[in-house]
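Colleague: Okay, structure incoming, though there's no sequence with it:
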């Protein structure tokens, strides 16, 4: 059996990735390698340690007791290697121009950015805000390096995107508004269409996705330029809104009632994506890698 100290670090990286993501394919996406490469690395590690580390199946890979025993030690070892870079000032440096929207940042990205700045203190994110949440032109004109946003339209071919994470969305109303209109948590589509609908987004694509999911055309009473404005109008009893469950839950407002249309499918999920030019800098490559790593753990 080989001495653990002589094991190739790439094998241990594959081990950590499979353990954290729960599968060979997800680990390959995380490390930007092919599934056969990850599978080979795991087999090589198992051979060198003479230990079975994962039980693979159709849904992924389950760690064995031996894998569970060494995981926290291997993870700590890699964290210490990151600290070695910090001590020797080997961390990358520079400014990274990131386009994002305030709602995306506050509710979906802030934990990642806090960790990113902790791990790479010499990289300074320079945030660019866009009320329309449309950063393709800014990427084209090199005014930003990377964008994290929800996509209303497909990007040009020279811009690459990948899904970061998706969250459920829901219709909601003020409780007093709901009581006044004789509705509760579950309503019919006929009851829903009788209510004024307030929507955040000037994007026809967003409305089109919602109408496709519900199977009917919708009459929107008001389209607002921000999610905050929509929320305030709904809380003032001016209609029904559509928002992200994560955002509504974070507000902890007992005046909110979530509405489920019982004779229609749920609204489509909110998909947060990362976008950058296909030719990227080293800092963007690092940012993308860390973003994938962070959200693969969630």
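Modeller: Received the coordinates, thanks. Keep in mind it's a predicted model, so treat the numbers as computed, not measured.
Colleague: Helices along the protein, start to end?
Modeller: Shown for the chain, the helices assigned by DSSP state H span residues 9-21, 24-31, 35-49, 65-87, 102-104, 110-119, 136-140, 175-180, 189-193, 204-214, 227-235, 245-251, 282-297.
Colleague: quick one, domains of the chain?
Modeller: 4-87, 94-163+271-297, 169-268 (automatic domain parsing).
Colleague: Any stretches of the stretch 51-200 of the chain with poor pLDDT?
Modeller: 85-91, 131-133, 152 (pLDDT under 70).
Colleague: Spit out the contact partners of residue 6.
Modeller: When contacts are counted by Cβ atoms under 8 Å, 6 or more residues apart in numbering, residue 6 touches no other residue. From N, CA and C alone the C-beta is placed, and that goes for glycine too.
Colleague: and it, what pLDDT?
Modeller: For residue 6, the pLDDT comes out at 80.
Colleague: And it, how far from residue 70?
Modeller: Noted for residue 6: a distance of 15 Å to residue 70, by Cβ to Cβ, to the nearest Å.
Colleague: repeat for residue 20
Modeller: 14 Å.
Colleague: Among the two, which residue is more densely surrounded?
Modeller: Taking other Cβ atoms under 10 Å, residue 20 and residue 70 do not tie; residue 70 has more neighbours (18 against 15).
Colleague: so how far is residue 63 from the more buried one?
Modeller: Distance from residue 70 to residue 63, by Cβ to Cβ: 10 Å.
Colleague: Nearest residue to the middle of this structure?
Modeller: residue 165 (2.6 Å; Cα atoms, centre = their mean).
Colleague: thinking again about what came up before, want to try CSV for the helices of the chain, with distance to residue 126 as columns?
Modeller: Shown next, in CSV, are the helices of the chain (distance: least, Cβ to Cβ, whole Å):
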stretch, distance to residue 126
helix 9-21, 30
helix 24-31, 26
helix 35-49, 35
helix 65-87, 22
helix 102-104, 15
helix 110-119, 12
helix 136-140, 12
helix 175-180, 41
helix 189-193, 42
helix 204-214, 28
helix 227-235, 23
helix 245-251, 25
helix 282-297, 11
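Colleague: and of these, who's closest to residue 158?
Modeller: helix 136-140 (8.1 Å; Cβ to Cβ).
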